[in-house]
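Visitor: Show me the folded form of this:
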Amino acid sequence: MSQDTLIELTDVAVYQPDDEFSRFRYDNSTQVLSEVNMSVGDGEMVYFIGKVGSGKSSLLKLLYAELPMVEGEARVLGFDLAKLRRRDIPQLRRRMGIVFQDYQLLCDRSVYENLRFVMRATGWKNEVKIRARAEELLGSVGLEGRGDKMPFELSGGEQQRLVIARALINDPRVILADEPTGNLDPKSADDIMKLFRSIVERGCSVIMATHNVQLISRYPARTYVFRKGRMTSVASDKLSGL
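Guide: Next up is the predicted model:
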(Lines give C-alpha, C1' and ligand atoms only; values in the text may rest on other atoms or scores of the structure.)
Protein backbone atom coordinates (compact mmCIF):
# COMPACT_ATOMS: atom_id res chain seq x y z
CA MET A 1 0.00 0.00 0.00
CA SER A 2 1.49 3.34 -1.05
CA GLN A 3 1.86 6.26 1.35
CA ASP A 4 -1.09 8.07 -0.26
CA THR A 5 -3.39 5.01 -0.18
CA LEU A 6 -5.65 5.11 2.85
CA ILE A 7 -7.65 1.96 2.24
CA GLU A 8 -6.80 -1.12 0.19
CA LEU A 9 -8.97 -4.23 -0.03
CA THR A 10 -8.00 -7.34 -1.99
CA ASP A 11 -10.39 -10.28 -2.51
CA VAL A 12 -12.24 -9.47 0.71
CA ALA A 13 -15.36 -11.35 1.80
CA VAL A 14 -17.78 -9.71 4.23
CA TYR A 15 -19.83 -11.72 6.70
CA GLN A 16 -22.83 -10.49 8.67
CA PRO A 17 -23.47 -12.25 12.01
CA ASP A 18 -26.94 -13.78 12.25
CA ASP A 19 -27.30 -12.58 15.85
CA GLU A 20 -25.55 -10.33 18.37
CA PHE A 21 -23.84 -13.23 20.11
CA SER A 22 -22.09 -14.47 16.95
CA ARG A 23 -20.47 -11.13 16.17
CA PHE A 24 -16.97 -12.59 16.42
CA ARG A 25 -17.86 -16.15 15.30
CA TYR A 26 -18.61 -17.43 11.82
CA ASP A 27 -20.53 -20.62 12.39
CA ASN A 28 -23.60 -18.36 12.72
CA SER A 29 -22.77 -15.79 10.04
CA THR A 30 -23.92 -15.16 6.47
CA GLN A 31 -21.67 -14.01 3.66
CA VAL A 32 -23.06 -10.80 2.18
CA LEU A 33 -20.20 -9.81 -0.14
CA SER A 34 -17.36 -11.62 -1.89
CA GLU A 35 -14.36 -10.64 -4.04
CA VAL A 36 -14.30 -7.04 -2.84
CA ASN A 37 -11.39 -5.11 -4.38
CA MET A 38 -10.97 -1.40 -3.78
CA SER A 39 -8.41 1.26 -2.97
CA VAL A 40 -9.02 4.80 -1.70
CA GLY A 41 -6.46 7.57 -1.71
CA ASP A 42 -6.17 10.97 -0.09
CA GLY A 43 -8.90 13.47 -0.91
CA GLU A 44 -11.22 11.09 -2.76
CA MET A 45 -15.00 10.92 -2.82
CA VAL A 46 -16.33 7.37 -3.22
CA TYR A 47 -19.95 6.22 -3.34
CA PHE A 48 -21.42 2.86 -2.37
CA ILE A 49 -24.85 2.47 -3.97
CA GLY A 50 -27.32 -0.39 -3.75
CA LYS A 51 -30.60 -1.55 -2.28
CA VAL A 52 -31.18 -2.11 1.42
CA GLY A 53 -29.45 -5.34 2.42
CA SER A 54 -26.99 -5.29 -0.48
CA GLY A 55 -23.95 -5.06 1.81
CA LYS A 56 -23.11 -1.34 1.77
CA SER A 57 -23.39 -0.85 5.52
CA SER A 58 -21.69 -4.17 6.22
CA LEU A 59 -18.64 -3.11 4.24
CA LEU A 60 -18.50 0.19 6.10
CA LYS A 61 -18.70 -1.75 9.37
CA LEU A 62 -15.78 -3.90 8.23
CA LEU A 63 -13.75 -0.75 7.54
CA TYR A 64 -14.28 0.58 11.08
CA ALA A 65 -13.88 -2.88 12.61
CA GLU A 66 -17.45 -3.38 13.76
CA LEU A 67 -17.28 -6.58 11.70
CA PRO A 68 -13.99 -8.49 11.74
CA MET A 69 -12.02 -9.73 8.74
CA VAL A 70 -12.42 -13.33 7.61
CA GLU A 71 -11.21 -13.64 4.01
CA GLY A 72 -8.89 -11.55 1.86
CA GLU A 73 -6.54 -8.71 2.70
CA ALA A 74 -7.52 -5.31 4.06
CA ARG A 75 -5.40 -2.39 5.19
CA VAL A 76 -7.13 0.69 6.58
CA LEU A 77 -5.16 3.76 7.67
CA GLY A 78 -2.08 1.67 8.32
CA PHE A 79 -3.87 -1.15 10.15
CA ASP A 80 -4.00 -4.71 8.87
CA LEU A 81 -7.60 -5.64 9.66
CA ALA A 82 -6.85 -9.37 9.63
CA LYS A 83 -4.39 -8.86 12.50
CA LEU A 84 -6.26 -6.11 14.33
CA ARG A 85 -6.60 -6.70 18.07
CA ARG A 86 -9.71 -5.56 19.89
CA ARG A 87 -7.70 -3.19 22.05
CA ASP A 88 -6.43 -1.44 18.88
CA ILE A 89 -9.91 -0.74 17.46
CA PRO A 90 -10.30 2.63 19.28
CA GLN A 91 -6.97 3.76 17.84
CA LEU A 92 -8.16 2.89 14.31
CA ARG A 93 -11.43 4.73 14.81
CA ARG A 94 -9.70 7.87 16.07
CA ARG A 95 -8.08 8.16 12.63
CA MET A 96 -11.45 8.21 10.86
CA GLY A 97 -14.81 9.89 11.19
CA ILE A 98 -18.11 8.00 11.15
CA VAL A 99 -21.42 9.58 10.13
CA PHE A 100 -24.62 7.66 10.83
CA GLN A 101 -28.03 8.09 9.22
CA ASP A 102 -29.77 8.18 12.61
CA TYR A 103 -27.34 10.78 14.03
CA GLN A 104 -26.69 8.98 17.38
CA LEU A 105 -26.51 12.28 19.25
CA LEU A 106 -26.76 12.65 23.02
CA CYS A 107 -30.24 14.15 23.27
CA ASP A 108 -29.84 15.29 26.90
CA ARG A 109 -26.79 17.44 26.12
CA SER A 110 -26.27 20.62 24.17
CA VAL A 111 -24.59 20.85 20.78
CA TYR A 112 -21.35 21.91 22.47
CA GLU A 113 -21.57 19.14 25.08
CA ASN A 114 -22.06 16.54 22.33
CA LEU A 115 -18.72 17.59 20.85
CA ARG A 116 -17.04 17.94 24.25
CA PHE A 117 -18.13 14.42 25.26
CA VAL A 118 -16.38 12.87 22.24
CA MET A 119 -13.29 15.02 22.70
CA ARG A 120 -12.93 13.98 26.33
CA ALA A 121 -13.46 10.34 25.36
CA THR A 122 -10.69 10.54 22.78
CA GLY A 123 -8.08 12.11 25.01
CA TRP A 124 -8.70 15.87 24.96
CA LYS A 125 -8.07 17.35 28.43
CA ASN A 126 -7.58 21.13 28.13
CA GLU A 127 -10.98 22.81 28.40
CA VAL A 128 -9.82 25.96 26.61
CA LYS A 129 -8.63 23.92 23.64
CA ILE A 130 -11.83 21.86 23.71
CA ARG A 131 -13.97 25.01 23.56
CA ALA A 132 -11.86 26.52 20.78
CA ARG A 133 -11.95 23.34 18.70
CA ALA A 134 -15.71 22.99 19.15
CA GLU A 135 -16.30 26.55 17.99
CA GLU A 136 -13.99 25.99 15.03
CA LEU A 137 -15.87 22.82 14.05
CA LEU A 138 -19.30 24.40 14.39
CA GLY A 139 -18.16 27.27 12.19
CA SER A 140 -16.82 24.88 9.56
CA VAL A 141 -20.20 23.11 9.22
CA GLY A 142 -22.38 26.24 9.33
CA LEU A 143 -23.56 25.99 12.95
CA GLU A 144 -21.98 29.16 14.32
CA GLY A 145 -23.66 30.33 17.50
CA ARG A 146 -25.65 27.09 17.94
CA GLY A 147 -23.47 25.53 20.63
CA ASP A 148 -25.98 26.11 23.45
CA LYS A 149 -28.91 24.61 21.53
CA MET A 150 -30.21 21.13 22.29
CA PRO A 151 -30.26 18.58 19.43
CA PHE A 152 -34.09 18.58 19.34
CA GLU A 153 -33.98 22.33 18.65
CA LEU A 154 -32.08 21.71 15.41
CA SER A 155 -33.54 20.76 12.05
CA GLY A 156 -32.65 17.37 10.55
CA GLY A 157 -30.05 19.00 8.31
CA GLU A 158 -28.53 20.85 11.24
CA GLN A 159 -28.37 17.66 13.30
CA GLN A 160 -26.50 15.95 10.47
CA ARG A 161 -24.12 18.91 10.31
CA LEU A 162 -23.45 18.39 14.01
CA VAL A 163 -22.76 14.70 13.35
CA ILE A 164 -20.28 15.71 10.64
CA ALA A 165 -18.63 18.19 13.02
CA ARG A 166 -18.31 15.36 15.55
CA ALA A 167 -16.71 13.16 12.88
CA LEU A 168 -14.13 15.87 12.13
CA ILE A 169 -12.97 16.35 15.73
CA ASN A 170 -9.64 14.55 15.44
CA ASP A 171 -8.78 15.60 11.86
CA PRO A 172 -9.56 12.23 10.25
CA ARG A 173 -8.07 11.22 6.93
CA VAL A 174 -11.31 9.54 5.87
CA ILE A 175 -14.99 9.84 6.77
CA LEU A 176 -17.33 6.85 6.45
CA ALA A 177 -20.91 8.04 5.96
CA ASP A 178 -23.83 5.58 6.03
CA GLU A 179 -26.90 7.04 4.24
CA PRO A 180 -26.18 10.53 5.64
CA THR A 181 -28.93 12.16 3.56
CA GLY A 182 -31.51 9.38 3.95
CA ASN A 183 -33.67 11.25 6.49
CA LEU A 184 -33.35 14.69 4.92
CA ASP A 185 -35.46 16.77 2.56
CA PRO A 186 -33.91 17.47 -0.88
CA LYS A 187 -32.61 20.96 0.04
CA SER A 188 -30.97 19.75 3.25
CA ALA A 189 -29.53 16.72 1.44
CA ASP A 190 -28.01 18.99 -1.20
CA ASP A 191 -26.48 21.20 1.50
CA ILE A 192 -24.92 18.14 3.17
CA MET A 193 -23.44 17.05 -0.16
CA LYS A 194 -21.89 20.47 -0.63
CA LEU A 195 -20.41 20.20 2.85
CA PHE A 196 -18.92 16.79 2.04
CA ARG A 197 -17.46 18.21 -1.15
CA SER A 198 -15.78 21.01 0.78
CA ILE A 199 -14.35 18.43 3.20
CA VAL A 200 -12.92 16.42 0.30
CA GLU A 201 -11.40 19.58 -1.19
CA ARG A 202 -9.52 20.05 2.10
CA GLY A 203 -7.93 16.61 1.63
CA CYS A 204 -10.11 14.31 3.74
CA SER A 205 -11.57 11.37 1.82
CA VAL A 206 -15.27 10.51 2.10
CA ILE A 207 -16.83 7.09 1.50
CA MET A 208 -20.59 7.44 1.37
CA ALA A 209 -23.20 4.69 1.24
CA THR A 210 -26.41 5.85 -0.41
CA HIS A 211 -29.33 4.78 -2.56
CA ASN A 212 -29.88 8.28 -3.97
CA VAL A 213 -28.89 8.15 -7.64
CA GLN A 214 -29.93 11.77 -8.20
CA LEU A 215 -27.44 13.04 -5.64
CA ILE A 216 -24.64 11.10 -7.31
CA SER A 217 -25.60 12.52 -10.70
CA ARG A 218 -25.32 16.06 -9.29
CA TYR A 219 -22.06 15.36 -7.46
CA PRO A 220 -20.33 12.66 -9.55
CA ALA A 221 -17.42 10.65 -8.17
CA ARG A 222 -16.11 7.09 -8.22
CA THR A 223 -19.06 4.78 -7.63
CA TYR A 224 -19.41 1.13 -6.63
CA VAL A 225 -22.69 -0.69 -7.16
CA PHE A 226 -23.66 -3.45 -4.70
CA ARG A 227 -25.75 -6.19 -6.25
CA LYS A 228 -26.10 -9.96 -5.84
CA GLY A 229 -23.28 -10.20 -3.32
CA ARG A 230 -20.73 -8.35 -5.43
CA MET A 231 -19.34 -4.83 -5.59
CA THR A 232 -18.72 -3.45 -9.09
CA SER A 233 -17.20 -0.15 -10.19
CA VAL A 234 -19.62 1.81 -12.41
CA ALA A 235 -19.31 5.24 -14.05
CA SER A 236 -21.53 7.84 -12.40
CA ASP A 237 -23.31 8.55 -15.71
CA LYS A 238 -24.31 4.88 -16.08
CA LEU A 239 -26.55 4.72 -13.01
CA SER A 240 -29.87 5.71 -14.55
CA GLY A 241 -31.11 2.11 -14.73
CA LEU A 242 -30.51 1.37 -11.05
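Visitor: next helix or strand past the helix or strand of the chain with the lowest mean pLDDT?
Guide: Using mean pLDDT, DSSP states H and E, helix 213-218 stands out as the lowest-scoring helix or strand of the chain, at a mean of 89. As assigned by DSSP states H and E, the chain's next helix or strand after helix 213-218 is strand 222-227.
Visitor: helices or strands up against that following strand?
Guide: strand 45-50, strand 230-234 (3 or more CB pairs under 8 Å, 6 or more residues apart in numbering; DSSP states H and E). Placement of C-beta: from N, CA and C, glycine included.
Visitor: ok, residues contacting that strand?
Guide: 33, 38, 44-51, 54-56, 59, 216, 231-236, 239, 242 (CB atoms under 8 Å, 6 or more residues apart in numbering).
Visitor: can you do 7 Å?
Guide: 38, 44, 46-50, 54-56, 216, 231-234, 236, 239, 242 (CB atoms under 7 Å, 6 or more residues apart in numbering).
Visitor: Buried residues in that strand, which are they?
Guide: By neighbour count with 16 or more other CB atoms under 10 Å, strand 222-227 contains the buried residues T223, Y224, V225, F226.
Visitor: burial count for the nearest residue in space to the second one that is not next to it in sequence?
Guide: Think Y224. Nearest non-adjacent residue to Y224, counting by CB to CB, 6 or more residues apart in numbering: M231, 5.0 Å away. For M231, the tally of surrounding residues (other CB atoms under 10 Å) stands at 24.
Visitor: Let me see the contact set for M231.
Guide: Applying CB under 7 Å, 6+ apart, we find M231 in contact with L33, V36, Y224.
Visitor: how about those residues in JSON lines, adding distance to L168 and pLDDT?
Guide: Output for the contacts of M231, formatted as JSON lines (distance: CB to CB, whole Å; pLDDT from 0 to 100):
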{"residue": "L33", "distance to L168": "28", "pLDDT": "96"}
{"residue": "V36", "distance to L168": "27", "pLDDT": "97"}
{"residue": "Y224", "distance to L168": "24", "pLDDT": "96"}
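Visitor: can you put these in a markdown table and add distance to L137?
Guide: Shown next, in a markdown table, are the contacts of M231 (distance: CB to CB, whole Å):
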| residue | distance to L137 |
| --- | --- |
| L33 | 34 |
| V36 | 33 |
| Y224 | 29 |
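Visitor: and which of those is nearest to V200?
Guide: Nearest to V200 among the contacts of M231 is Y224, at 16.6 Å by CB to CB.
Visitor: roughly how far apart are the residue sitting nearest the centre point of the chain and I98?
Guide: The chain has L176 as the residue nearest its centroid, 1.5 Å off, counting by CA atoms, centre = their mean. Here L176 is placed at a distance of 5 Å from I98 (CB to CB, to the nearest Å).
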